[in-house]
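Participant: quick check, what structure comes out for this input:
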Amino acid sequence: MTGLDLFAVALGVRHGVDPDHLAAVDGLSRVRPSPYNGILFALGHGGVVTLLAFPAALLLKGVDLEALHLPTFLLLLVGGLNLYRLLRPEERAPARLPLLHPLLLGVLFGLGFETASQLSALALSAELSPLRLGLLFTLGMLLVDGVDGLLASRLQNLARDSERAKRASRFLGWAVVAVAFLLAAAELSALDLEALALPLGLGLFGLLVSLRLYALRPA
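Facilitator: Okay, here's the model as predicted:
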């Protein structure tokens, strides 16, 4: 791999650790548990990035997709459903909503043009073929979001038989609700949280790993 190849992968990793990605993937795991949530989310998002990297797709730069606030409303949906599950754990949330399919959710997040890292990845298309750019960028996201989805799903499975894991799952649920609503409120109020995005994302990922380890400890 060339230096630009590695840079494309690194941008994908950086994009995958954004808190809105992790909140969406972790939140999905409470509503529709599956070890493939993170993988499908990253593939959907990466597919959009790949298409947007082609020169013909640059025409979309004249369309103000950010004005649609797609990721914002999707975060509100995921956060709201997680809040519903936390307050009424005996009832099942509507997991079969089409918007809750991780592949479609990843596509819609990708259409939001929501981070500077995605725009940086598109700029690389002048040096790399669009297909190669998209594959490498998606690979980087898969490394983070795929692992995140797998860990979150396993934590939910452990919560079925372990009181310790159930407490960890609820704590993660409240963290997802808080992060999802915080990011949505910041976006709707035009508050720039870009400087906090990386530490917030790393903190959420670290919290998931810590809760997973806590759940695996013997009682």
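
Participant: can you name the next helix or strand after the helix or strand of the chain with the lowest mean pLDDT?
Facilitator: Within the chain, judged by mean pLDDT, DSSP states H and E, the helix or strand with the poorest mean is helix 116-123; its value is a mean of 55. From helix 116-123 onward toward the C-terminus, using DSSP states H and E, the following helix or strand is helix 130-141.

Participant: which strands and helices sit next to that following helix?
Facilitator: Here helix 130-141 touches helix 3-16, helix 37-53, going by 3 or more CB pairs under 8 Å, 6 or more residues apart in numbering; DSSP states H and E. Placement of C-beta: from N, CA and C, glycine included.

Participant: and the first one, how far out from the chain's middle?
Facilitator: Taking the mean of its C-alpha atoms, helix 3-16 sits 16 Å from the chain's own mean (CA atoms, centre = their mean, to the nearest Å).

Participant: pull it out as PDB, backbone CA atoms only.
Facilitator: Provided in PDB are the C-alpha atoms of helix 3-16 (Å, rounded to 0.1, in the frame of the first residue of the first chain):
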ATOM      1  CA  GLY A   3       1.200   6.400   1.600                       C
ATOM      2  CA  LEU A   4      -2.000   7.700   0.100                       C
ATOM      3  CA  ASP A   5      -3.600   4.300   0.500                       C
ATOM      4  CA  LEU A   6      -2.800   4.200   4.200                       C
ATOM      5  CA  PHE A   7      -4.100   7.800   4.500                       C
ATOM      6  CA  ALA A   8      -7.400   6.800   3.000                       C
ATOM      7  CA  VAL A   9      -7.700   3.900   5.500                       C
ATOM      8  CA  ALA A  10      -6.700   6.200   8.300                       C
ATOM      9  CA  LEU A  11      -9.500   8.700   7.300                       C
ATOM     10  CA  GLY A  12     -11.900   5.800   7.300                       C
ATOM     11  CA  VAL A  13     -10.800   4.800  10.800                       C
ATOM     12  CA  ARG A  14     -11.100   8.400  11.900                       C
ATOM     13  CA  HIS A  15     -14.600   8.700  10.400                       C
ATOM     14  CA  GLY A  16     -15.700   5.400  12.000                       C
END
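
Participant: which sections of this structure are below the confidence cut-off?
Facilitator: Counting by pLDDT under 70, the chain shows low-confidence ranges at 1, 53-68, 91-99, 112-128, 219.

Participant: where along it do the helices fall?
Facilitator: According to DSSP state H, the chain carries its helices in the segments 3-16, 19-31, 37-53, 70-87, 102-110, 116-123, 130-141, 147-158, 163-188, 194-216.

Participant: what would those helices look like in CSV with mean neighbour count?
Facilitator: Output for the helices of the chain, formatted as CSV (neighbours: other CB atoms under 10 Å):
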stretch, mean neighbour count
helix 3-16, 20
helix 19-31, 28
helix 37-53, 24
helix 70-87, 20
helix 102-110, 22
helix 116-123, 18
helix 130-141, 23
helix 147-158, 22
helix 163-188, 19
helix 194-216, 16
